[in-house]
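Student: sequence first, then the predicted structure, then my questions.
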Amino acid sequence: MNEWNTYRVKDVAKFISEKANDCSLPYIALDNIVSWDGYYIPSDSTSDGNSNVCKKGDVLFGKLRPYLAKGYIPTQDSICSPEFIVLRPNDLVNNSFLLYYLLSYSFVSYIKNQVAGVKMPRTNALQIGRVSFALPPIEEQELIVSYLDKECDKITKKIDLLERKVDCYIRLRRSIINRAVTRGLNSTIQLKSSGLRWIPYVPIHWDIKRIRNFFKYRNEKVSEVDFAPLSVTKNGVIPQMESVAKSLAEGETRKKVCKYDFVVNSRSDRKGSCGTSPLDGSVSSIYIVLKPKNISPDFANYYFRCNDWIEEFYRNGKGIVADLWTTNYATMRNIEIAIPPIKEQQEIAIYLDEKCAKIDTIIEKTKLKIERLKELKRSLINEVVTGQRTIKTSDL
């Protein structure tokens, strides 16, 4: 650290704020960049005409919600979202070293405490420019970058393998659910043609009826003061998440949900946001609330979250754009489904509880390993770019 000198960010990089005229250049949006990693992920995001110029080798840092630590070095001349701050490093700093510093705990923690705003906090060039940090000679910077590139690549490969493992188990879970709720547990049972588009063959003894025969529509308006707000997610119905914007509406503006009711988002967006509620509460008016009458709530919880049904629910929807695509209850109630007898429904639900619990345990343990590796990577970057760990040529 003896040879490290203190600089401000604005001493080692020029802040570029040049509006783009050529919108045909590759576009970089905030959602293209992986938090804390500096990786670019392709997406369908396009410029709305309000973009900034960024050159190959510039360093980008997301000013919106800076605690997300979104930084990137363009590999070619591009245009980017105005939510990025564009820095053009001078001869004092290696651009990759600067990026690693901007993604360090030390920098992100500091800048997080400087920003204003609660829901949409933003930093700016002035705040970032006056941040002071210790900078080694350029040769040592290059050594550090080579070391971090090598070590971070090792960790990233381990993370990628574990994420693929998680994905495989998620797909296995879906497959097991889909098979059980559409064919039952007896693989030798005789099948019959169902006449249904989404499930052509079902066990011979299963009933085929409209949804209205298995549920009663609940459309009772209540206040969130009397009935606690609930969130309906891909993993089921839960107490309202902290991240959900709180409603300011007064009076009885929400739909009542009772324990064991089935709740589904009428915005049939293929996300599978639905489930049997484990508690009383209330939901937004865009949700469909159904009281089971001839169907096991536990079975329904699995049945209507299988991939085949999610697609059928979507096909019955209407709308102008994907975000407003809706399947209302007037349509949903007439969709035909194939259902086994109650006793068999309960057996299937118990079977899936056991199978899914084992898979979920494996997934959670694997995700924990992933988080520990990500934490290791972030800690490594922070220790090295702040000089807490000395890197030598022999470390490469």
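Tutor: Now that the structure is in, tell me what you want to look at. Computed from a predicted model, the values in this text were never measured in an experiment.
Student: how is the chain carved up into domains?
Tutor: 5-135, 138-184+342-396, 193-241+252-339 (automatic domain parsing).
Student: stretch 55-72: which residues count as buried?
Tutor: 58-66, 69-72 (16 or more other Cβ atoms under 10 Å). Yep, even glycine has a C-beta here, placed from its N, CA and C like the rest.
Student: roughly how far does P200 sit from R171?
Tutor: Distance of P200 to R171, given as Cβ to Cβ, to the nearest Å: 22 Å.
Student: my error: substitute I359 in the last question.
Tutor: Taken as Cβ to Cβ, the span from I359 to R171 is 10 Å.
Student: need the residues touching each of those two.
Tutor: Shared contacts of I359 and R171 (Cβ atoms under 8 Å, 6 or more residues apart in numbering): none.
Student: compare neighbour counts for the two and give me the winner.
Tutor: The neighbour comparison of I359 against R171 (other Cβ atoms under 10 Å) goes to I359, with 15 against 11.
Student: from what I see, the more buried one and V166 are in contact.
Tutor: No: using Cβ atoms under 8 Å, I359 is not in contact with V166; the gap is 10.4 Å.
Student: what residues are up against A134?
Tutor: Going by Cβ under 8 Å, 6+ apart, A134 touches 1, 4-6, 386-387.
Student: can you do 6 Å?
Tutor: Residues near A134 by Cβ atoms under 6 Å, 6 or more residues apart in numbering: 4, 6, 387.
Student: would you convert those residues into a markdown table that also reports neighbour count, distance to I176 and secondary structure?
Tutor: Formatted as a markdown table, the contacts of A134 follow (neighbours: other Cβ atoms under 10 Å; distance: Cβ to Cβ, whole Å; DSSP: H, G, I helix; E, B strand; the rest coil):
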| residue | neighbour count | distance to I176 | secondary structure |
| --- | --- | --- | --- |
| W4 | 14 | 56 | coil |
| T6 | 9 | 58 | strand |
| G387 | 18 | 51 | coil |
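Student: so which helix or strand takes in the residue lying closest to K374 once chain neighbours are set aside?
Tutor: Nearest residue to K374 in three dimensions, chain neighbours excluded: I159, at 6.7 Å (Cβ to Cβ, 6 or more residues apart in numbering). Using DSSP states H and E, I159 maps to helix 138-183.
Student: likewise for Q346?
Tutor: Secondary structure assignment for Q346, by DSSP H and E: helix 342-385.
Student: swap in I208?
Tutor: strand 207-210.
Student: wait, a helix at E312?
Tutor: Yes: the assignment for E312, made by DSSP: H, G, I helix; E, B strand; the rest coil, places it in a helix.
Student: now the closest residue to it other than its chain neighbours: how far from Y303?
Tutor: Nearest non-adjacent residue to E312, counting by Cβ to Cβ, 6+ apart: W198, 3.8 Å away. From W198 across to Y303, the span is 12 Å (Cβ to Cβ).
Student: compare these two and say which is more crowded by neighbours.
Tutor: Shown here are W198 and Y303; by other Cβ under 10 Å, Y303 has more neighbours (28 against 20).
Student: what distance do you get for the more buried one to G272?
Tutor: Taking Cβ to Cβ, one finds Y303 at 12 Å from G272.
Student: cool, T156 as well?
Tutor: Distance, T156 to G272, using Cβ to Cβ: 29 Å.
Student: more neighbours: which of those two?
Tutor: Using other Cβ under 10 Å as the criterion, T156 and G272 rank with G272 on top: 20 against 15.
Student: which other helices and strands does the strand holding I208 contact?
Tutor: Under the contact criterion of 3 or more Cβ pairs under 6 Å, 6 or more residues apart in numbering; DSSP states H and E, strand 207-210 touches strand 336-339.
Student: in the strand it packs on, what's buried?
Tutor: 336-339.
Student: over to stretch 111-119?
Tutor: Of the residues in stretch 111-119, 111, 115 count as buried by neighbour count, 16+ other Cβ under 10 Å.
Student: re earlier: and the angle for the helix holding Q346 with helix 138-183?
Tutor: Helix 342-385 and helix 138-183 meet at an angle of 180 degrees, taking axes from the mean of the first three to the mean of the last three Cα atoms, to 10 degrees as the criterion.
Student: helix 342-385: how far from the chain's middle?
Tutor: Put simply, helix 342-385 sits 15 Å off its chain's centre (Cα atoms, centre = their mean, to the nearest Å).
Student: hmm, who's touching the lowest-mean-pLDDT helix or strand in the chain?
Tutor: Lowest mean confidence among the helices and strands of the chain (mean pLDDT, DSSP states H and E): helix 307-315, at a mean of 89. Defining contact as Cβ under 6 Å, 6+ apart, one finds that helix 307-315 is touched by 174, 178, 198-199, 268, 270, 272, 327.
Student: would you map the helices across the stretch 151-300 of the chain?
Tutor: Along the stretch 151-300 of the chain, counting by DSSP state H, counting those that start in this stretch, helices occupy 297-303.
Student: against I310, how distant is V263?
Tutor: 15 Å.
Student: higher neighbour count, these two?
Tutor: More crowded of V263 and I310, by other Cβ under 10 Å: V263, with 23 against 20.
Student: who's in contact with that one?
Tutor: By Cβ under 6 Å, 6+ apart, the residues touching V263 are 232, 237, 257, 277, 283, 287, 289.
Student: what's the PyMOL line that selects buried ones from the residues you listed?
Tutor: Buried residues among the contacts of V263 (16+ other Cβ under 10 Å), as a PyMOL selection:
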select buried, resi 232+237+257+277+283+287+289
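Student: tell me the one among the contacts of V263 nearest to D298.
Tutor: D298 lies nearest to S277 out of the contacts of V263, by Cβ to Cβ, at 12.0 Å.
Student: isn't that closest one right up against V237?
Tutor: Yes: using Cβ atoms under 6 Å, S277 makes contact with V237 at a distance of 4.2 Å.
Student: quick one: contacts for S285?
Tutor: K255.
Student: one more time with 7 Å
Tutor: S285 is in contact with 254-255, counting by Cβ atoms under 7 Å, 6 or more residues apart in numbering.
Student: distance check, the residue nearest to P229 when sequence neighbours are not counted against S284.
Tutor: Leaving aside its chain neighbours, P229 sits nearest to Q240 (3.9 Å; criterion: Cβ to Cβ, 6+ apart). Distance of Q240 to S284, computed by Cβ to Cβ: 10 Å.
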